[in-house]
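Asks: Need a 3D model of the sequence below.
(one chain, ligands or ions: 1)
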Amino acid sequence: MGLLDKLFGDKKETKKMENVKLAVIYYSSTGTNYQMAQWAEEGATEAGAETKLLKVPEIAPQAAIDSNPAWKEHLEATKNVPEVSLDDLEWADAIIFSMPTRFGNLPAQMKQFLDTTGGLWFEGKLANKVVSGMASANNPHGGQEATVKNLYTTMMHWGAIVAAPGYTDEVAFTSGGNPYGTSVTVDQDGNMVENNIDKAVKHQAKRTATIASWVKQGLQQ
Ligand SMILES: Cc1cc2nc3c(=O)[nH]c(=O)nc-3n(C[C@H](O)[C@H](O)[C@H](O)COP(=O)(O)O)c2cc1C
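Replies: Coordinates of the predicted model:
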């Protein structure tokens, strides 16, 4: 096996998923993370997983939403996206989270949802979920990495298995190179600055689903 093969991973990743159920759970105020979540769902579906695209509930005061037309518009445009429930977490073998940074941390909306998972955690029902995270910020170093790593702290408490993308595909080198999870910089017009984010997200989704299939097969033996 050559160096590139070693770097860019095991080609077993191209094998079909073994009935993997994958939930993409996101929060987005102005659409960036909704787009990333959609790409993740597409990538996991293409890889053969059964998927669900789910948003966490909005908890911001209506006055705050009304003060930002892009926020208000996005919530209206996505009103039919189903909200995540605890049953969805039980259902999923794998979960991909996507969220904007809030001062280097998770948005309260995502944190609020995670803070409702204590019961499942207590019953051991979150252990061995295969997870990965994605994030966005306005600045290139505005807290994307910290946000993903803060998500992973909670995931480690769950006993989840973090399937970070690392540098397992060449696309990492043209899409910002965040090994913790795909992340983007959003400019003032709401555009993603980096190239190939769709490809990076799809690679991450495929990798998360693949690792989940390995874990699921192992648990069934
Ligand atoms: C309260 C708040 C805090 C934010 N903190 C940061 C920050 O620390 N660094 C940064 O670059 N962007 C920051 N942002 C910008 C958001 O991360 C950006 O709007 C988001 O990534 C866009 O994603 P979305 O379109 O999915 O909502 C902040 C935005 C808000 C509302």
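Asks: Next, Glu145: phi, psi?
Replies: phi -60, psi -40 (degrees, to the nearest 10).
Asks: for Ala92, that is, sorry about that
Replies: phi -80, psi 140.
Asks: From what I see, it and Lys21 are in contact.
Replies: Yes. Using C-beta atoms under 8 Å, Ala92 is in contact with Lys21, at 5.3 Å. The way it works is simple: take the backbone N, C-alpha and C, and place the C-beta from them, glycine included.
Asks: Overlap in contacts, these two.
Replies: Here Ala92 and Lys21 have Lys52 as joint contacts, going by C-beta atoms under 8 Å, 6 or more residues apart in numbering.
Asks: The two - which one has more neighbours?
Replies: Between Ala92 and Lys21, counted using other C-beta atoms under 10 Å, the more crowded position is Ala92 (26 against 19).
Asks: How confident was the prediction at the more buried one?
Replies: Among the per-residue scores, Ala92 holds a pLDDT of 98.
Asks: Also the one 10 residues further on?
Replies: At Arg102 the predicted local distance difference test score is 98.
Asks: which one is it nearest to, not counting chain neighbours?
Replies: Counting by C-beta to C-beta, 6 or more residues apart in numbering, Ala108 is the residue found nearest to Arg102 once chain neighbours are left out, at 7.0 Å.
Asks: Can you tell me the element Ser136 falls in?
Replies: Taking DSSP states H and E as the definition, one finds Ser136 inside strand 130-137.
Asks: any idea of the mean pLDDT in that strand?
Replies: Averaging pLDDT along strand 130-137 gives 99.
Asks: now do stretch 194-213
Replies: Across stretch 194-213, pLDDT averages out at 98.
Asks: The closest residue to the ligand within the chain and Val20, how far apart?
Replies: Closest approach between the chain and the ligand, counting by C-beta to the nearest ligand atom: Gly142, at 2.1 Å. Remark: distance between Gly142 and Val20 (C-beta to C-beta, to the nearest Å) = 33 Å.
Asks: Check Gly43 too.
Replies: In this structure, Gly43 and Val20 are separated by 12 Å, where distance is defined by C-beta to C-beta.
Asks: Check Phe113 too.
Replies: Summarising the geometry, the distance separating Phe113 from Val20, computed by C-beta to C-beta, is 22 Å.
Asks: swap in Thr153?
Replies: 25 Å.
Asks: before we move on, what about Gly124?
Replies: Taking C-beta to C-beta as the measure, Gly124 and Val20 are separated by 20 Å.
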